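[1] heads up, no residue letters with this:
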């Protein structure tokens, strides 16, 4: 028996199976985005928020919709635009003409899984309104304060290519996102599989007419688990053991970002917290009830990279954030 | 005859009564004054002259010259302008008649005049050449000081920055962990050092940290040792008793060469 093939509690086995089912189910619709699915699950299990950065057409929306249907969560999507108002997200009070009283209209933020598409296209006040809701998980409409449903998870997307007419999220707001994952193009094999599946979609009859079926039509309505099962998994994450040595590694990495000569801004304490939380969830997804340095290295880029800022000199010398982070991780023990 | 005319004019001025007057600092003129002899110019002024004379115009007047003079007094008193004129050709010439003027002061007599300034000798810095030499010496001394101080700092820096090699750091930690007296921080450092050790040994230094650790875990020798260490360090309750002596035996006699993948390459499996 190797060190990792140790029996875990039956409940952990159940949770691992549940998470595996989610991944398998999502994998039937979304091809080749295993890491992204893992990151979405990590965000879901830790109540952290996720920012996906990638060019259009990488199945971000499909992925989030698939996850929400698989776990039986309420799902809403907001397409962020320049003319969006905070009330379009949070909701507003409306005058009822019949009763002559104000009635609260709750906005799309009152959901379990919110997809904020192209978050950097909205004005800063709209971004702030959403980020406040993300932080406090409460929304104030008029004079009333409402709690958001639990679980509440925001998955925001932003396009790294088109920068015209966008409002870059400031560091303080980026810090609210537990993870920022950079999506990459599929491998040729995966892309071929996407084309093969798309070609086999066929058409969907709609009354007398018909429309071409999309991947969204493939999503089954039957969930693999209830939200109660998800809550149980979230509780299991809290039981994942974190050793003193792991905490030491985390603090070492976070501190290195603060002292590195090429970095103007290092990680906040929230980064360390996020690293540990995300590592626990990843360990559970991989069937462990304890974290390993492997989790730390796997998640470091998504947790740390959006929280650091290079110095002007480092930028002028052509260094990039990922390069400096790899430098920090490579010099981990030196 | 003309000399007599000049004398006559002066005597006429005197006869008119008072000689020309002016207050201190104010200019006054005497015009059409015929003086005997060759042409006259203002005598070279001395610093303490109480009066200054300018010749505004000179015109021939037979064998003599007719002058327009302007004068200005600095101290109250009666003066003879003739004393402040000299021959242009340097000759002594005929004696000039007195040209009396009066300089008056507007200040009351009770006002005390400022005391005479005493000459103060300038500080003896020497001439321009001396100053140049002083500046050059100071520049050379400064330059030498910068070089010498910089060299001392550079010499001191390596001593301060001299860090023990990874092998030096690994040995005491391995001993401490093996003897069971290591603290949690030392255990964590041990893990980091061993990851680095295997990255060097397996030639994975250029790989991303995450990829490198995956490769190490898959390596036959390194993977077994690292997984055992991970189990001991990170599991809430290790499944079997870890033999630390055996686990750490490969690292007990590491040298600096063991951290060089060029010195001792091991193929990753």
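    Right, received. Where do you want to start? What you see is a predicted model; the values in this text were computed from it and never measured.
[2] So which helix or strand of the chain has the lowest pLDDT on average?
    All of this is about chain A. helix A:215-218 (a mean of 74; mean pLDDT, DSSP states H and E).
[3] In it, which of the residues would be classed as buried?
    Neighbour-count burial for helix A:215-218, with 16 or more other CB atoms under 10 Å in any protein chain shown as criterion, is recorded at residue A:215. In short, each C-beta sits where N, CA and C put it, glycine included.
[4] what about the nearest residue to residue A:29 once chain neighbours are set aside, neighbour count?
    Using CB to CB, 6 or more residues apart in numbering or on different chains and skipping residues adjacent in sequence, the residue nearest residue A:29 is residue A:66, 4.7 Å away. Using other CB atoms under 10 Å in any protein chain shown, residue A:66 has 27 neighbouring residues.
[5] same check, this time on residue A:200
    9.
[6] Do you know the pLDDT at residue 140?
    Answering for chain A, as no chain was given. We have a pLDDT of 86 for residue A:140.
[7] that's the wrong chain, I wanted chain B
    Residue B:140 is given a pLDDT of 96.
[8] name the element residue B:169 belongs to?
    For residue B:169, the host element (DSSP states H and E) is helix B:166-178.
[9] Report all helices and strands that that helix contacts.
    helix B:184-201, helix B:244-248 (3 or more CB pairs under 8 Å, 6 or more residues apart in numbering or on different chains; DSSP states H and E).
[10] Export those as a markdown table, with columns for mean neighbour count and distance to chain A.
    Compiled in a markdown table, the helices and strands packed on helix B:166-178 are given as follows (neighbours: other CB atoms under 10 Å in any protein chain shown; distance: least, CB to the nearest CB, whole Å):
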| stretch | mean neighbour count | distance to chain A |
| --- | --- | --- |
| helix B:184-201 | 21 | 3 |
| helix B:244-248 | 15 | 11 |
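[11] Lowest mean pLDDT across the ones you listed, which one is that?
    helix B:244-248 (a mean of 67).
[12] Quick one: check the lengthiest helix in chain B for contact with chain A.
    In chain B, ranked by residue count with DSSP state H as the criterion, the top helix is helix B:128-161. No. With CB under 8 Å from any CB of the partner chain as the criterion, chain A is not reached by helix B:128-161; the gap is at least 13.3 Å.
[13] which residue sits closest to residue 91, ignoring its sequence neighbours?
    Just so you know, I chose chain A. residue A:107 (3.6 Å).
[14] ah, no, chain B please
    In space, residue B:91 is closest to residue B:38, 6.1 Å off (CB to CB, 6+ apart).
[15] Helices of the stretch 101-250 of chain A, residue ranges please.
    Listed in chain order, the helices of the stretch 101-250 of chain A (DSSP state H, counting those that start in this stretch) span A:124-136, A:171-174, A:188-199, A:215-218, A:227-239, A:244-259.
[16] could I get those helices as TSV with distance to chain B?
    Listed next are those as TSV, based on distance: least, CB to the nearest CB, whole Å:
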stretch	distance to chain B
helix A:124-136	28
helix A:171-174	22
helix A:188-199	20
helix A:215-218	30
helix A:227-239	10
helix A:244-259	3
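[17] Of those helices, which shows the lowest average pLDDT?
    helix A:215-218 (a mean of 74).
[18] Contact partners for residue A:141?
    For residue A:141, the contacting residues are A:90, A:91, A:92, A:93, A:104, A:106, by CB atoms under 8 Å, 6 or more residues apart in numbering or on different chains.
[19] count of neighbours near the residue of the stretch 1-150 of chain B found nearest chain A?
    Closest to chain A within the stretch 1-150 of chain B is residue B:150: 21.3 Å, counting by CB to the nearest CB. Neighbourhood size, residue B:150 [other CB under 10 Å]: 10.
[20] tell me the phi and psi of the residue positioned nearest the centre of chain A?
    Residue closest to the average C-alpha location in chain A (CA atoms, centre = their mean): residue A:50, at 2.4 Å. Geometry field for residue A:50 lists phi and psi as phi -130, psi 130, criterion degrees, to the nearest 10.
[21] Is it correct that it is in contact with residue A:176?
    No. Taking contacts as CB atoms under 8 Å, residue A:50 lies outside contact range of residue A:176: 11.0 Å.
[22] Please tell me how far residue A:204 sits from residue A:62.
    16 Å (CB to CB, to the nearest Å).
[23] Mind checking which of these two has more residues around it?
    Per other CB under 10 Å, whichever of residue A:204 and residue A:62 has more neighbours is residue A:62, with 18 against 12.
[24] helix, strand or coil for that one?
    helix (DSSP: H, G, I helix; E, B strand; the rest coil).
[25] who touches it in this structure?
    Residue A:62 neighbours (CB under 8 Å, 6+ apart): A:29, A:30, A:215, A:216.
[26] Residue B:51 too?
    B:71, B:72, B:73, B:74, B:75, B:79, B:81, B:84, B:101, B:103.
[27] Could you export the residues you listed as a markdown table, including distance to residue A:171?
    Output for those, formatted as a markdown table (distance: CB to CB, whole Å):
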| residue | distance to residue A:171 |
| --- | --- |
| B:71 | 84 |
| B:72 | 79 |
| B:73 | 82 |
| B:74 | 78 |
| B:75 | 81 |
| B:79 | 88 |
| B:81 | 89 |
| B:84 | 86 |
| B:101 | 88 |
| B:103 | 84 |
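[28] Who wins on neighbours among those?
    residue B:73 (25 neighbours).
[29] Let me know the pLDDT of that residue.
    Looking at residue B:73, the pLDDT reads 92.
[30] Grab the nearest non-local neighbour of residue A:236.
    residue A:15 (4.7 Å).
[31] and the helix or strand where that neighbour lies with helix A:227-239, angle?
    Using DSSP H and E, residue A:15 maps to helix A:10-29. Angle of helix A:10-29 versus helix A:227-239, following axes from the mean of the first three to the mean of the last three CA atoms, to 10 degrees, is 120 degrees.
[32] Could you tell me how far helix A:10-29 lies from the centre of the chain?
    18 Å (CA atoms, centre = their mean, to the nearest Å).
[33] I'd like to know which elements it is packed against.
    So helix A:10-29, by 3+ CB pairs under 8 Å, 6+ apart, packs with helix A:34-46, helix A:60-71, helix A:215-218, helix A:227-239, helix A:269-285.
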